[in-house]
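In: Provided below for reference: sequence and predicted model.
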Amino acid sequence: MSTMKFEFFPNEILLQCFQYLNIIHIFHSFDQLNHRFNSLIRTISFHLNFQNIQNKFQCEEFCQKLSTDETIRNQLYSLHLSNGNTFYPVHLFISKFPLLQFVHLRSLTLYKLTKNNSKSIRKILSSIPELCSFRMIDCCPFSDDLIFVLPISKLQTLIIPQKLLSRSISDIQFSTIMHLSIDECDLVDLFILLNNALKLNYFKTDSVFHRKRKNTIPDDSRCIKSPANNLKTLHINYFENTVSYFFILLKRTPNLENLIILRINDPHFINAYEWQKFITSSLPHLKNFKFQFNVNHFSQSYDTEQINPQKLAEKTQFYFPKVDTLSLADEYLEYEDYVKMSSLQLEYLQTMVNLSNIKHLILVDVPRSITKDKCKKMLEFTAQLSSICLNCLDLMCWLEDDELCKSLNKIIKKLDIHGGLFDMSDQLKLKRLCTVFTNLEQLTCFGDTSVIVFLIKHLSKLIYIEIHRCLKSHEISWIEENTRNLELDITVDFDDDNLLKNTFIWINRN
């Protein structure tokens with residue numbers, strides 16, 4: 001069999017291969033290799049994302065080239081800045097690069113932004129000449145009203161928390177928007193939006209409520225003009241209205257292809273015959289329908305037929321074969337009710353869900369007896385599990401079980417601990433934690449500076465800590481001083497917003 005060296009492939013094939021690589025890795029591997037590769041990689045229009053780059057040196061190396069080479073800067077069309085899963089957080093990048101240097105920047109994504117980050121970026125948003133896509137993901141509601149500085153008339157994609165909007169979405173001209181995702185909106189405003197945003201192709205919101213609480217949609221001429229013919233995807237997590245309103249809304253979207261509705265608590269929504277009749281008559285192009293309907297089976301108000309999980313599972317090996325995140329928590333149920341309900345649900349879990357695909361397990365507000373016993377059995381089947389979220393008291397209970405700890409030691413790389421404050425008064429528990437989670441890379445918890453230093457020293461693979469407490473400058477200096485002998489490169493940022501106080505620490509161990 002004949003073979004060909006990678007460098008002998010024609011440019012067209014090389015460029016196709018490079019599409020699967022992060023630009024940071026491309027420059028680290030191929031820059032200065034030879035004249036051909038030096039020239040070729042500088043012709044690539046690229047998306048820059050520091051997330052999941054496990055080497056701060058490579059990030060710094062690329063940024064150095066970016067700062068000195070205008071040719072590279074001019075190829076940047078999409079930028080993703082993040083304070084999560086990265087060695088190069090937002091403040092490091094924006095302290096070195098004014099975003100206006102990137103003259104062809106068209107897409108900007110901001111993930112887990114802090115308040116200080118927001119103040120710096122807000123100043124230049126309106127001046128980015130080619131910006132047509134803006135995304136804010138998992139960001140806290142800061143006081144800055146970004147809607148006034150964003151070039152709304154140019155944007156085609158906008159993902160932003162509604163809390164950043166000081167006025168109704170019906171008062172904003174989304175004439176060019178094709179992809180819109182916001183936190184919440186009023187039902188009437190949504191009708192007006194669909195009427196005015198003629199190019200809208202995708203709409204997602206966490207909640208649709210009805211502020212005026214009348215029996216009918218108001219007779220507003222802005223609501224009843226033409227249908228939203230271009231809308232292909234509608235995603236509503238919580239619809240706080242009756243099913244009749246929802247059907248009225250869907251009649252405005254005749255070309256809908258994807259419909260997602262979650263957390264619906266009205267039993268009148270659960271009528272398969274009505275849905276089939278409506279979809280057949282009003283949504284002829286619908287291809288995907290994803291839903292979650294909840295029924296309080298402890299209530300006697302409705303006579304609804306319960307779904308039998310065992311019968312569903314008999315139809316297929318796994319009724320939900322592609323689930324990768326499993327949450328056994330419900331903040332709305334009373335403790336006694338949840339015990340009964342959990343026992344019923346967990347009995348069929350192995351047949352309902354393909355546990356071998358589960359990567360993230362969330363166990364918040366689950367009774368300790370159920371959590372421990374059921375999870376010991378579940379861990380036998382969760383081959384890909386690497387992330388777990390649970391209460392501090394549950395964790396302390398788990399640490400007493402050697403069999404369970406042995407399983408956790410092999411697989412868990414990310415741990416999110418809710419509630420409970422770690423302190424140095426109980427070093428035995430802290431040492432036990434570090435012994436069990438020797439492969440831990442990311443940790444979220446409550447704790448003081450002494451605990452942070454202890455964890456950094458004793459968890460040798462730990463590269464990211466999020467502390468639910470805003471540290472003072474002298475505390476950060478103390479952490480750096482007490483870890484200096486470990487020869488670690490530690491980066492610290494914080495969020496001092498009035499609602500949340502968090503400290504983020506990145507540890508470069510290379």
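Out: On my side now, so go ahead.
In: for the rest of this, base every contact and every neighbour count on C-alpha atoms.
Out: Fine.
In: in this protein, which residue is most central in space?
Out: Centroid-nearest residue in the chain: Asp138, 6.3 Å away (criterion: C-alpha atoms, centre = their mean).
In: what confidence value was assigned to the residue lying closest to that residue once chain neighbours are set aside?
Out: Residue nearest to Asp138 in three dimensions, not counting chain neighbours: Lys112, with 5.2 Å by C-alpha to C-alpha, 6 or more residues apart in numbering. You'll see Lys112 listed with a pLDDT of 85.
In: quick one on the thing from earlier: and the gap between the residue nearest to the centre of the chain and Ala228?
Out: Asp138 sits 29 Å away from Ala228, going by C-alpha to C-alpha, to the nearest Å.
In: Phe148 too?
Out: Phe148 is 26 Å from Ala228, by C-alpha to C-alpha.
In: which of these two has more neighbours?
Out: Remark: of Phe148 and Ala228, Ala228 carries more neighbours, 24 against 14, as counted by other C-alpha atoms under 10 Å.
In: am I right that that one sits in a helix?
Out: No - secondary structure of Ala228 (DSSP: H, G, I helix; E, B strand; the rest coil): coil, not part of a helix.
In: just checking, it touches Leu250?
Out: No - assessed by C-alpha atoms under 8 Å, Ala228 is found out of contact with Leu250, at 9.6 Å.
In: now the strands for the stretch 301-450 of the chain?
Out: Remark: strands assigned in the stretch 301-450 of the chain by DSSP state E, counting those that start in this stretch are 325-327, 360-363, 387-391, 414-422, 442-447.
In: right, I mislabeled it, should have said the stretch 101-250 of the chain
Out: Per DSSP E, counting those that start in this stretch, the stretch 101-250 of the chain carries strands over the ranges 107-111, 133-137, 157-159, 179-186, 202-209, 233-239.
In: tabulate the strands of the stretch 301-450 of the chain (TSV), appending mean neighbour count.
Out: Shown next, in TSV, are these (neighbours: other C-alpha atoms under 10 Å):
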stretch	mean neighbour count
strand 325-327	15
strand 360-363	20
strand 387-391	20
strand 414-422	17
strand 442-447	20
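In: for Arg73, find the nearest of those.
Out: Among the strands of the stretch 301-450 of the chain, the nearest to Arg73 by C-alpha to C-alpha is strand 442-447 (31.8 Å).
In: partners of the closest one, with directions?
Out: Using DSSP bridges, strand 442-447 pairs in its sheet with strand 414-422 (parallel), strand 464-467 (parallel).
In: and those as CSV, adding distance to Cys132 and mean pLDDT?
Out: Below are the strands paired with strand 442-447 laid out as CSV (distance: least, C-alpha to C-alpha, whole Å; pLDDT from 0 to 100):
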stretch, distance to Cys132, mean pLDDT
strand 414-422, 35, 83
strand 464-467, 32, 89
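In: among these, which is nearest Asn439?
Out: strand 414-422 (8.8 Å).
In: just the angle between the closest one and strand 387-391, please?
Out: Angle of strand 414-422 versus strand 387-391, following axes from the mean of the first three to the mean of the last three C-alpha atoms, to 10 degrees, is 20 degrees.
In: check the offset of strand 414-422 from the chain's centre.
Out: Distance of strand 414-422 from the chain centroid (C-alpha atoms, centre = their mean, to the nearest Å) equals 19 Å.
In: picking that back up, pretty sure the residue nearest to Asp138 sits against His80.
Out: No - Lys112 is beyond contact range of His80, at 11.1 Å (criterion: C-alpha under 8 Å).
In: phi, psi for the residue nearest to the centre of the chain please.
Out: phi 50, psi 40 (degrees, to the nearest 10).
In: residues in contact with it?
Out: Tyr111, Lys112, Leu113 (C-alpha atoms under 8 Å, 6 or more residues apart in numbering).
In: tally of neighbours for His35?
Out: When neighbours are counted by other C-alpha under 10 Å, His35 registers 9.
In: pLDDT score assigned to it?
Out: pLDDT, His35: 94.
In: any idea how far Ile41 is from it?
Out: Taking C-alpha to C-alpha, one finds His35 at 10 Å from Ile41.
In: same check on Ser175?
Out: Distance, Ser175 to Ile41, using C-alpha to C-alpha: 37 Å.
In: can you map out the helices along the stretch 1-150 of the chain?
Out: 11-18, 23-30, 35-41, 56-68, 70-73, 90-96, 115-122 (DSSP state H, counting those that start in this stretch).
In: in JSON lines, list these along with distance to Leu486.
Out: Output for the helices of the stretch 1-150 of the chain, formatted as JSON lines (distance: least, C-alpha to C-alpha, whole Å):
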{"stretch": "helix 11-18", "distance to Leu486": "37"}
{"stretch": "helix 23-30", "distance to Leu486": "26"}
{"stretch": "helix 35-41", "distance to Leu486": "37"}
{"stretch": "helix 56-68", "distance to Leu486": "17"}
{"stretch": "helix 70-73", "distance to Leu486": "36"}
{"stretch": "helix 90-96", "distance to Leu486": "22"}
{"stretch": "helix 115-122", "distance to Leu486": "29"}
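In: which of these has the lowest average pLDDT?
Out: helix 115-122 (a mean of 83).
In: how far out from the middle of the chain is it?
Out: Remark: helix 115-122 is offset 20 Å from the chain centroid, using C-alpha atoms, centre = their mean.
In: ok, which stretches of the stretch 351-500 of the chain are helices?
Out: 368-378, 392-398, 402-411, 427-436, 449-458, 473-482.
In: just the stretch 151-300 of the chain next, same as before
Out: Assigned by DSSP H, counting those that start in this stretch, the stretch 151-300 of the chain shows helices spanning 187-196, 243-250, 272-282.
In: winner for burial among the ones you listed?
Out: Comparing the helices of the stretch 151-300 of the chain by mean neighbour count (mean count of other C-alpha atoms under 10 Å), helix 187-196 ranks first with a mean of 22.
In: gap between that helix and the chain center?
Out: Remark: helix 187-196 is offset 27 Å from the chain centroid, using C-alpha atoms, centre = their mean.
In: what do you get for stretch 394-403?
Out: Worked out by C-alpha atoms, centre = their mean, stretch 394-403 lies 29 Å from the chain centre.
In: how about it: buried residues?
Out: In terms of neighbour count (16 or more other C-alpha atoms under 10 Å), stretch 394-403 has its buried residues at Asp394, Leu395, Trp398, Leu399.
In: quick check: end-to-end length of it?
Out: Taking C-alpha to C-alpha as the criterion, the two ends of stretch 394-403 lie 15 Å apart.
In: let me know the average pLDDT across it.
Out: Per-residue scores along stretch 394-403 average to 88.
In: report how many residues lie close to Pro227.
Out: 20.
In: residue contacts, the closest residue in space to it that isn't next to it in sequence?
Out: Closest residue in space to Pro227, ignoring its immediate chain neighbours: Arg252 at 4.7 Å, by C-alpha to C-alpha, 6+ apart. Neighbour list for Arg252: Ser226, Pro227, Ala228, Asn229 [criterion: C-alpha under 8 Å, 6+ apart].
In: how about low-confidence regions in the stretch 401-510 of the chain?
Out: Where the stretch 401-510 of the chain drops to pLDDT under 70, the residues are 421, 495-501.
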